[in-house]
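Peer 1: would you be able to build a 3D model of this:
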Amino acid sequence: MNDSSSARPAAVLDVWCELECADCRTALDDLRALRARYGDRLELRLRHFPLEKHKHAFAAAQAAEEAAEQGQAWPYIEAVLGRVEDLNRKGEPFLIEAARELGLDAEEFDTALIDGRHILIVDADQAEGKAIGVTGTPTYVIGGELLDGSKSQEGLRERIEEIADRLLAEQES
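Peer 2: Residues are numbered from 1 along each chain as shown. Predicted coordinates:
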């Protein structure tokens, strides 16, 4: 899932995330700051990496894809991550509730979770993550460098900014 316009961004940041992950919620502040600093010059792509220890993470990833289909990917992701405890406690009914609160077609969310139309996207993201060495969330990939935020977020935004600045400078020259 990406958050870009039709113009080709100068740099791409893949964010391997899981919507039932408290560390991913913490990472939201960094993602907001990066979006504010770089705008369309940095494409932020949410990549799904549901962890087995979180029983609603796979459904949440599918729901995020349905939100993207309905044009509200990041608002939905932020709404769900902002209420990780509700997702943990309520499960799939919370995913539909969050969609309804954002004015999305909640019936279509329910149908998407039942018919599994987004499973292949989630499976592909997870397989790619495993193939490149993602073991936890959040994990970032920018400029070919894998940055593991599942252990600590300390200094990661600064490192991402260094790499993004370098990639942008290289493109401009």
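Peer 1: show me where this structure has its strands.
Peer 2: Assigned by DSSP state E, the chain shows strands spanning 11-17, 42-48, 139-142, 145-148.
Peer 1: count of residues packed around residue 81?
Peer 2: 23 (other CB atoms under 10 Å). Yep, even glycine has a C-beta here, placed from its N, CA and C like the rest.
Peer 1: surely it is in contact with residue 25?
Peer 2: Yes: using CB atoms under 8 Å, residue 81 is in contact with residue 25, at 4.4 Å.
Peer 1: how much space between the residue nearest the centre of the chain and residue 89?
Peer 2: Nearest to the mean C-alpha position of the chain, counting by CA atoms, centre = their mean, stands residue 46 at 3.1 Å. Per CB to CB, to the nearest Å, residue 46 is found 23 Å from residue 89.
Peer 1: same thing with residue 44?
Peer 2: 28 Å.
Peer 1: for the two, indicate the residue with more neighbours.
Peer 2: For residue 44 versus residue 89, neighbours defined as other CB under 10 Å are more numerous around residue 44 (22 against 10).
Peer 1: so what's that one bridging to?
Peer 2: Beta-bridge pairing for residue 44 (DSSP bridges): residue 13.
Peer 1: can you pull the contacts of residue 13?
Peer 2: 34, 42, 43, 44, 45, 140, 141, 142, 160, 164 (CB atoms under 8 Å, 6 or more residues apart in numbering).
Peer 1: can you redo the residues you listed as JSON lines with pLDDT?
Peer 2: Output for these, formatted as JSON lines (pLDDT from 0 to 100):
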{"residue": "34", "pLDDT": "94"}
{"residue": "42", "pLDDT": "94"}
{"residue": "43", "pLDDT": "94"}
{"residue": "44", "pLDDT": "92"}
{"residue": "45", "pLDDT": "93"}
{"residue": "140", "pLDDT": "96"}
{"residue": "141", "pLDDT": "96"}
{"residue": "142", "pLDDT": "96"}
{"residue": "160", "pLDDT": "95"}
{"residue": "164", "pLDDT": "95"}
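Peer 1: name the residues of stretch 41-59 that come out as buried.
Peer 2: Residues 42-51, 54, 56-59 are the ones in stretch 41-59 that count as buried (16 or more other CB atoms under 10 Å).
Peer 1: now the end-to-end length of that stretch.
Peer 2: Stretch 41-59 has an end-to-end distance of 31 Å (criterion: CA to CA, to the nearest Å).
Peer 1: now do it: distance to the chain's middle.
Peer 2: Here stretch 41-59 is found 5 Å from its chain centre; the criterion is CA atoms, centre = their mean, to the nearest Å.
Peer 1: start at 41, not 1
Peer 2: With 41 as the first residue, the last one maps to stretch 81-99.
Peer 1: burial of the closest residue to residue 77 other than its chain neighbours, as a residue count?
Peer 2: Of all residues beyond its chain neighbours, the one nearest residue 77 is residue 201 (7.2 Å), with distances taken as CB to CB, 6 or more residues apart in numbering. By other CB under 10 Å, 17 other residues sit near residue 201.
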